[in-house]
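>>> Return atomic coordinates for the entry below.
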Amino acid sequence: MLTRLEVDGFKNLIGVTVDFGPLTCIAGPNSVGKSNLFDAIRFLALLADHTLVEAALRVRDGDIETGDLRDLFYRDTQSVARNHEELHFSIAAEMIVDPLVRDDFGRSTEASSTFLRYEVQIGYEPPDQHGALGRLVLLAEHLNYITEGEAASRLRFPHSAQLFRSAVVKNKRRKHSGYISTKQASDGQTEILVHQDGGSRGPGQVAPASSAPRTIVGTSNTSTTPTILAARREMQSWLFLALEPSAMRRSDRFQTPAAITGAGGHIPATLYRLATRAQKAGDDAANIYADIANRLARLVPISSIEVEVDDVRQMLTVVAQERSGVRLPAAALSDGTLRFLTLAVLAADPEAHGLICIEEPENGIHPARMGEMTALLQALAVDPREASGAENPLRQVILATHSPAFVQLQHPDNLLFAQEVKIRGEDGAAVRTLRFRPLNGTWRARQDRAAISLSTIIDYLAAPENAQLKLPDFELDALVEGLG
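Below is the predicted model of the structure:
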């Protein structure tokens, strides 16, 4: 669970700090740069499995032929004039991790701390010859723990201290040092130090930073560094949904991995796994299908849903039945229905935990049914008033939208508004960046003195300029009175 993100120098994000709750909806106009916040989160997730260069190119699905590593860095006119010699950015993330993890060799291990702060600083080194890609340099890396006492003020969203915080925040470490630190060696070179979880008081393992192709977190794969491994597993679990109709419509083979992909693939295999698990536990598999169908019925006239098993072809196919009795395979369902189905399956899956990022979840949903989508997204997120467990997975949702109708349906506590602002750069000149503002009276407003009022977001609350269809004032007043 990602509780806080600090970004400086990444794309158009300068000195940006965002606190996240179980559900966060980021609203902003097109092209303001709110997607860059998602890219910063995705870059961290990619570092858990890829080299620095690979992570940079994969953030927006670039490749070595068309990608430019400098696109990740904020570049003003001064940095352009200096030929990008001093480009660098830093990202810091505070997160709650699962203490029980399994290493790449199948061995189970336990982290000594579950509330962690991870920091990484990346620089750019220009190429030796014109036209080359250049390289990214690891300038610093840190992984530290946050104690139970500190968690009371660091977990800023409303939650139950007894049921939620005491269950997810654990710390057995009693040393001042964290798990990863950075220092300057006597020869001026930057070194990354790895400190063991156990009681050893030695200096720790040392790795040179300048030549490192990966971060330390991205190379941790054994039970000898369980807390570093837990941080890596947390970042590996972050799911970025960019749902594609072709993936959501596709049937699965019996051997298909039974987990929803970022494109929305493997719905049949995942739903079949949930039904099979229910049967093994002595429950009725039909209950799983009924729960999914009941959610879908709030959106479209569906009476039932199931996974059709073709033993001859060894294929699994999702089939929905309309109230009229007509049976429809997933290939015949609308894009909006498939998006809703994907999220409903994720909400029913106790193994789907960690962070889920979704841009424009309202796409394909009729305005009159957006309330059902909002309720489903809320069901996806952990309830911090209760203990986390199989019935309440430690799952988090971060959304991005520009839809006024969708914004109006969100709880004020869950909203942040992306606003372009001018600040003073390092050279004193004005530069443009983003700030993510909460509404007055919400939990984030206690930390953000620049919280905004409803009058600031009037574009989301009023009819658009030159609207051709709208209720006359007297009918609108009557409607509002009736709703009240």
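
>>> Report the buried residues of stretch 207-218.
Applying a neighbour-count criterion of 16 or more other C-beta atoms under 10 Å, the buried positions in stretch 207-218 are 207, 209, 212, 214, 215, 216, 217, 218. C-betas here are computed from N, CA, C, even on glycine.

>>> Correction: the previous question concerned stretch 414-422.
Using 16+ other C-beta under 10 Å, the residues of stretch 414-422 that count as buried are 414, 415, 416, 417, 418, 419.

>>> Need the buried residues of stretch 207-218 in TSV (columns: secondary structure).
Putting the buried residues of stretch 207-218 into TSV (DSSP: H, G, I helix; E, B strand; the rest coil) gives the following:
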residue	secondary structure
207	strand
209	coil
212	coil
214	coil
215	coil
216	coil
217	helix
218	helix
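
>>> Could you point out which of these is nearest to residue 233?
The shortest gap between residue 233 and any of these belongs to residue 217, at 10.0 Å (C-beta to C-beta).

>>> Quick check: which ranges of the stretch 101-250 of the chain have low pLDDT?
129-132, 198-204 (pLDDT under 70).

>>> Strands along the stretch 1-150 of the chain, start to end?
Using DSSP state E, counting those that start in this stretch, the strands of the stretch 1-150 of the chain run over residues 2-8, 16-19, 23-27, 88-96, 100-102, 108-110, 115-125, 135-145.

>>> Verify the assumption that residue 264 is located in a helix.
No: using three-state DSSP, the secondary structure at residue 264 is coil, not a helix.

>>> can the buried residues of stretch 207-218 go into a markdown table with extra columns for distance to residue 31?
Conversion of those to a markdown table gives the following (distance: C-beta to C-beta, whole Å):
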| residue | distance to residue 31 |
| --- | --- |
| 207 | 40 |
| 209 | 35 |
| 212 | 35 |
| 214 | 33 |
| 215 | 31 |
| 216 | 36 |
| 217 | 32 |
| 218 | 31 |
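
>>> Relative to residue 70, which of the strands of the stretch 1-150 of the chain is closest?
With respect to residue 70, and counting by C-beta to C-beta, the nearest of those is strand 115-125 at 6.2 Å.

>>> how about that closest one: buried residues?
By neighbour count, with 16+ other C-beta under 10 Å as the criterion, the buried positions of strand 115-125 are 115, 116, 117, 118, 119, 120, 121, 122, 123, 124.

>>> I'd guessed the fifth one sits against residue 178; true?
When you say that, I think you mean residue 119. No: counting by C-beta atoms under 8 Å, residue 119 sits too far from residue 178 to count as a contact (9.7 Å).

>>> Between the two, which contacts overlap?
Listed as contacting both residue 119 and residue 178 by C-beta atoms under 8 Å, 6 or more residues apart in numbering are 142, 143.

>>> Make TSV from the buried residues of strand 115-125 and add distance to residue 195 to it.
TSV is the format used below for the buried residues of strand 115-125 (distance: C-beta to C-beta, whole Å):
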residue	distance to residue 195
115	17
116	13
117	14
118	14
119	15
120	17
121	19
122	22
123	24
124	28
